[in-house]
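Asker: let's see this in three dimensions:
(2 chains)
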Amino acid sequence: MLAHDQDSLKRTPLYDLHVSLGGKMVPFAGYDMPVQYPAGVLKEHLHTRASAGLFDVSHMGQLRLLPKSGKVEDAARALERLVPQDIVAIAPGRQRYAQFTNADGGILDDLMVANFGDHLFLVVNAACKAEDEAHLRANLSGDCVIESLADRALIALQGPKAEAALAKLCAAAPAMKFMDAGPQEVAGIKCFVSRSGYTGEDGFEISVPAADAERLAKTLLENPDVLPIGLGARDSLRLEAGLCLYGHDIDTATTPVEAALEWSVQKSRRSGGARAGGFPGAEKILAHFDNGASRRRVGLRAEGRAPVREGALLFANDAGGEPIGQVTSGGFGPSLNAPVAMGYVPTNLSALGTKLFAEVRGQRLPLTVAAMPFVKNTYKR
Amino acid sequence: MTTTLYTSDHEWLAIDGDIATVGITDYAQQQLGDVVFVELPKVGRTLKKAEAAAVVESVKAASDVYAPVTGEVLETNAELVAEPALVNSDAQGKAWFFKIKIADKSELGGLMDEAAYKAHTA
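Answerer: Predicted coordinates:
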């Protein structure tokens, strides 16, 4: 076991609850977080797909952008200077996936942006939140007041029974559609609720004041359909859903096009669009849109049972030759009962069905480029 | 008469004459979590003490299993390859990994008995 200095790690408002539930605590992005509970990663994963799982994602950063003009459109226009997404078009009560890009067209972080009517609400990755906040302050302070919501926890409720579980505490939940987001009362607590998540399942993410977080989590866990789920299953669920993990599948050296995230960049920001370009790295990213990129993130399925993990080198042939790419996330998919991975390969080897090989412990294991998500998502559109 | 000894890397060896049956301990499987894949050495391979001999993978991570003694692999557990979860349900029984012909019994001197292993993992 890795020794770690518990004292230097931050705790979320649900730390005591994790410990009381038997969570195995590990350091993650500067926080002491539960990697699993006594049920174990496999059962937690399968329970989320069959019923409902509760995840503490309070380590993530929550921020809001308050337009100095009072008009949310001005905050949206300002944020468009930092992301290649159409933020202006996000309707009140709606949320969208976005990326902060750098001058080289790489990705500084990925995030969710919601329009709360008079301001924008952002959720960013834990490991990037300090840099993201500084980036926002450095670039948007002229137009927006940037407020870090450090006094809020974030709870994800995911799975086919998430809607019924949340409906008991929030009558408005069932009417929400995928990517709806806004203030809602949950168990009488003033929360922000979005119908979204990181598992491929239908579900919700609930931003709750830190002081009320444990009470809300305990109330949700009173429902026998809801089990607490650790970071281990969170990772295997998002991998099966084909979703990127920042710092692994996307980073400052990958453009949104290379990362196969074209779907997240609306036409209005692409060449010929109403507000084309105007974000960091636009020249390179738009060139990738117009002319293609030389490599691409793809899904990979193995023929055997051996998991192919992050860092494994990819080859075009079963012997000899130089590596053509690398696995960026990989492991065992409990719902598929088979190994799954994603990685970057040359675009000419990225077509579905392409046969490749991964080097694992000195052996070349056969892989096939496969469609993602690996497990069909069940979003309520 | 079988004697069971333990390594500091959490392998167990059930020793019967000059043959040792090797697996990972119940403590080790608890640390690993749900085992989904096991790779065993080829029968006939000669392993050196402390050499990586087998691999056990959970949903989360891959771990090596080291040869606790030098010797030739005599037999491997095909049932375990087909059902890796046996490691979680019966680590020190049905989930044995391989049998090895002990080349040098003096190597057993550095291993722990059950009481010493319990103290090691306490």
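Asker: for chain B, which residues are neighbours of chain A?
Answerer: Within chain B, the residues that sit near chain A (Cβ under 8 Å from any Cβ of the partner chain) are B:31, B:33-34, B:36-37, B:39, B:55, B:57-62, B:84. C-beta here means a position set from N, CA and C on the backbone, and glycine is covered the same way.
Asker: show the buried residues in these.
Answerer: B:33-34, B:36-37, B:39, B:55, B:57-60, B:62, B:84 (16 or more other Cβ atoms under 10 Å in any protein chain shown).
Asker: could you identify the most distant pair in the residues you listed?
Answerer: B:G33 and B:E39 (17.5 Å; Cβ to Cβ).
Asker: ok, the residue nearest to A:R309 when sequence neighbours are not counted - contacts?
Answerer: Take A:R309 and drop its neighbours on the chain: the residue closest to it by Cβ to Cβ, 6 or more residues apart in numbering or on different chains is A:G330, 4.7 Å away. The contact partners of A:G330, by Cβ atoms under 8 Å, 6 or more residues apart in numbering or on different chains, come to A:239, A:300, A:307-310, A:312, A:339-343.
Asker: which of the residues you listed lies closest to A:G292?
Answerer: Taking the contacts of A:G330 together and measuring to A:G292 by Cβ to Cβ, the closest member is A:G343, at 18.5 Å.
Asker: wait, that closest one touches A:F315, no?
Answerer: No. In this structure A:G343 lies outside contact range of A:F315 using Cβ atoms under 8 Å: 11.7 Å.
Asker: neighbour count winner among these two?
Answerer: A:G343 (28 against 18; other Cβ atoms under 10 Å in any protein chain shown).
Asker: can you show me the strands along chain B?
Answerer: B:3-6, B:11-16, B:19-24, B:35-39, B:46-47, B:52-58, B:62-66, B:71-76, B:98-102 (DSSP state E).
Asker: please enumerate the helices of the stretch 201-350 of chain A.
Answerer: With helices called from DSSP state H, counting those that start in this stretch, the stretch 201-350 of chain A shows them at A:210-221, A:231-240, A:282-291.
Asker: now the stretch 51-200 of chain A
Answerer: Using DSSP H, counting those that start in this stretch, helices in the stretch 51-200 of chain A cover A:72-79, A:129-140, A:162-167.
Asker: what helices or strands is the last one leaning on?
Answerer: In other words, helix A:162-167. strand A:203-209 (3 or more Cβ pairs under 8 Å, 6 or more residues apart in numbering or on different chains; DSSP states H and E).
Asker: sorry, back to before: let's have the helices of the stretch 51-200 of chain A in TSV, adding distance to A:G273.
Answerer: Listed next are these as TSV, based on distance: least, Cβ to Cβ, whole Å:
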stretch	distance to A:G273
helix A:72-79	14
helix A:129-140	21
helix A:162-167	36
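Asker: quick one: those as JSON lines, columns for mean neighbour count and distance to B:S106 too.
Answerer: Formatted as JSON lines, those follow (neighbours: other Cβ atoms under 10 Å in any protein chain shown; distance: least, Cβ to Cβ, whole Å):
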{"stretch": "helix A:72-79", "mean neighbour count": "20", "distance to B:S106": "70"}
{"stretch": "helix A:129-140", "mean neighbour count": "17", "distance to B:S106": "56"}
{"stretch": "helix A:162-167", "mean neighbour count": "21", "distance to B:S106": "60"}
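Asker: quick one: which of those is nearest A:D290?
Answerer: helix A:72-79 (24.1 Å).
Asker: quick one: mean pLDDT for the closest one?
Answerer: Averaging pLDDT along helix A:72-79 yields 98.
Asker: which residues outside it are in contact with it?
Answerer: Contacts for helix A:72-79 (Cβ under 8 Å, 6+ apart): A:65-68, A:87-88, A:90, A:92, A:113, A:115-120, A:140, A:142-144.
Asker: spatially central residue for chain B, please.
Answerer: B:G23 (2.5 Å; Cα atoms, centre = their mean).
Asker: any figure for the gap between that one and B:A95?
Answerer: 6 Å (Cβ to Cβ, to the nearest Å).
Asker: closest to A:E359 out of the helices of the stretch 51-200 of chain A?
Answerer: helix A:129-140 (33.6 Å).
Asker: which elements pack onto the closest one?
Answerer: Taking 3+ Cβ pairs under 8 Å, 6+ apart as the contact cut, helix A:129-140 packs with strand A:61-67, helix A:72-79, strand A:107-115, strand A:144-148.
Asker: contacts for it next, please.
Answerer: So helix A:129-140 is in contact with A:60-61, A:63, A:65, A:75, A:78-79, A:81-82, A:100, A:108-109, A:111, A:124-125, A:144, A:146, A:148, going by Cβ under 8 Å, 6+ apart.
Asker: try it again with 6 Å
Answerer: A:61, A:78, A:82, A:109, A:124, A:146, A:148 (Cβ atoms under 6 Å, 6 or more residues apart in numbering or on different chains).
Asker: repeat for stretch A:315-324
Answerer: A:313-314, A:345-346, A:357, A:364.
Asker: related to what we said a few turns ago, just the helices of the stretch 201-350 of chain A: most buried one?
Answerer: Compared across these, helix A:231-240 shows the largest average neighbour count, a mean of 26 (mean count of other Cβ atoms under 10 Å in any protein chain shown).
Asker: what is that one packed up against?
Answerer: For helix A:231-240, the elements it packs on are strand A:31-36, helix A:41-50, judged by 3 or more Cβ pairs under 6 Å, 6 or more residues apart in numbering or on different chains; DSSP states H and E.
Asker: shaky segments in the stretch 251-381 of chain A?
Answerer: Under the criterion pLDDT under 70, no range of the stretch 251-381 of chain A is flagged.
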